[in-house]
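Q: Generate coordinates for the sequence data below:
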Amino acid sequence: MSIPVNPYRRIDINEGSTAILEVTYLDKDDANITPSAVSYRVDDLTNQRQVVDWTAVASPSTTNTITVTATQNNLNSRSQEKEMRQITVNSTDSTGNVTQQIFVYTLIRIFTRVDQVI
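A: Coordinates of the predicted model:
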């Protein structure tokens, strides 16, 4: 199951689910632009760990889709019920100016019940 990430709301995603982020690039007048370069990284803020190192987007356009895979959305710590994840997106315009956008979501542990027979 894929869940979109929205920067303006609280987003909870079950561990092991794919997260899809659609990023749009705007100039100072809020007009769509096509950046000359785009890169992103994913960090686990709770445990201060890098999940995905800086990754270049192959074909920057006015809107790009960034996918954080189900494997990348596994919790890093088995003792925590949730972890905060941050996606940082850097885009470079045709004049060399870099704009950074930050998106945050919470990974929630999926608990399974195990019945013991005594």
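Q: if I look at the nearest residue to Ser61 once chain neighbours are set aside, how far off is Trp54?
A: Spatial nearest neighbour of Ser61, excluding adjacent residues (Cβ to Cβ, 6 or more residues apart in numbering): Thr34 at 5.6 Å. No exception for glycine: its C-beta is placed from N, CA and C like everyone else's. Going from Thr34 to Trp54 by Cβ to Cβ, to the nearest Å gives 20 Å.
Q: ok, those two, which is more surrounded?
A: Using other Cβ atoms under 10 Å as the criterion, Thr34 and Trp54 rank with Thr34 on top: 15 against 11.
Q: if we can go back for a sec, tell me which element the residue nearest to Ser61 is part of?
A: Under the assignment given by DSSP states H and E, Thr34 is not contained in any helix or strand.
Q: what about the protein, any weak spots by pLDDT?
A: 1-9, 112-118 (pLDDT under 70).
Q: Next secondary structure after the helix or strand containing Leu21?
A: Using DSSP H and E, Leu21 sits within strand 18-24. Past strand 18-24, further along toward the C-terminus, the next helix or strand under DSSP H and E is strand 37-44.
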